[in-house]
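>>> What follows is a protein structure lacking sequence information:
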């Protein structure tokens, strides 16, 4: 799992082992994420944050990320668990069957999703509008690219 932060390597290794192993991995992380100030959450996620992502994880955006993460965990790990398990099994369709317009964004500085995954999607999703960025991380796409994504969506739908 080259190009991925250590926390995600451990998390997705657990996901590949199944629901019980993944639950056992995720549960201890919940207290460190619930009720924490944004900086404490960022510290907990340090292996997943590249320099570009650290640079944008400030102010109102860091508060928004903390609130989203905390809200998602108030009822337990079930959404997080389902999300991770979906990464570890077939999606139920072939990427080559996609007929709708698709845009793929992947930052080379992303430590949450390996850049090679974006490259793989680019090769396997037909007719995709691919944006592989050497300068973006995971969060910088969220912070810096939304206007471009909205413009693309407005021009296609």
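Looks like it arrived, so ask away. This one's a predicted model, so the numbers in the text were calculated from it and none came from an experiment.
>>> Apart from its chain neighbours, what residue comes closest to the spatially most central residue of the chain?
Centroid-nearest residue in the chain: residue 112, 5.5 Å away (criterion: C-alpha atoms, centre = their mean). Closest residue in space to residue 112, ignoring its immediate chain neighbours: residue 138 at 4.2 Å, by C-beta to C-beta, 6 or more residues apart in numbering. Glycine gets a C-beta too; all of them are placed from N, C-alpha and C.
>>> Let me see the backbone angles for that neighbour.
phi -80, psi -50 (degrees, to the nearest 10).
>>> Could you measure from it over to residue 21?
Relative to residue 21, residue 138 is positioned 24 Å away (C-beta to C-beta, to the nearest Å).
>>> The two: who's more crowded?
residue 138 (20 against 13; other C-beta atoms under 10 Å).
>>> Please name the residues that touch the more buried one.
48, 50, 53, 107, 110-113 (C-beta atoms under 8 Å, 6 or more residues apart in numbering).
>>> how close does it get to residue 117?
Distance of residue 138 to residue 117, computed by C-beta to C-beta: 11 Å.
>>> next one: residue 44
Taking C-beta to C-beta as the measure, residue 44 falls 23 Å from residue 117.
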